[in-house]
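[1] I'll drop the sequence and a predicted model, then ask my questions.
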Amino acid sequence: MTTPGGPTYSGIVSDDNAQPTDGLWSRLRLIEGQPLADRAEAYTAVHDELFRRLESGTRPESRERADQTAPAGDR
């Protein structure tokens, strides 16, 4: 799709340029190179870790900001 005088849009969304900061992509690539039984165990471990992080309700960088903005008695 072309707009007069503007950039074009191919209709394809890609995050190939995204650089993960937590090592998840490299960890998943490592898991993919393992035998099937080992992959299943490794994916279960990744799932459990991500589930715990999700359930905790905080991300590492958001905890730091929360500490800075929370009243002293709430830290």
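    Great, that's in hand. Residues are numbered from 1 along each chain as shown.
[2] Run through this protein and note the low-pLDDT ranges.
    1-22, 58-75 (pLDDT under 70).
[3] longest helix of it?
    Ranked by number of residues, the top helix in the chain under DSSP state H is helix 36-56.
[4] Which other helices and strands does that helix contact?
    In terms of contacts (3 or more C-beta pairs under 8 Å, 6 or more residues apart in numbering; DSSP states H and E), helix 36-56 is packed against helix 24-32. All C-beta spots, glycine's among them, are computed from the backbone N, C-alpha and C.
[5] returning to what we had before: quick one: buried residues of the longest helix of the chain?
    Buried residues in helix 36-56, counted by 16 or more other C-beta atoms under 10 Å: Ala42.
[6] now the angle between helix 24-32 and that helix, please.
    Going by axes from the mean of the first three to the mean of the last three C-alpha atoms, to 10 degrees, helix 36-56 is angled at 150 degrees with respect to helix 24-32.
[7] ok, residues contacting helix 36-56?
    24, 27-28, 31-32, 34, 59 (C-beta atoms under 8 Å, 6 or more residues apart in numbering).
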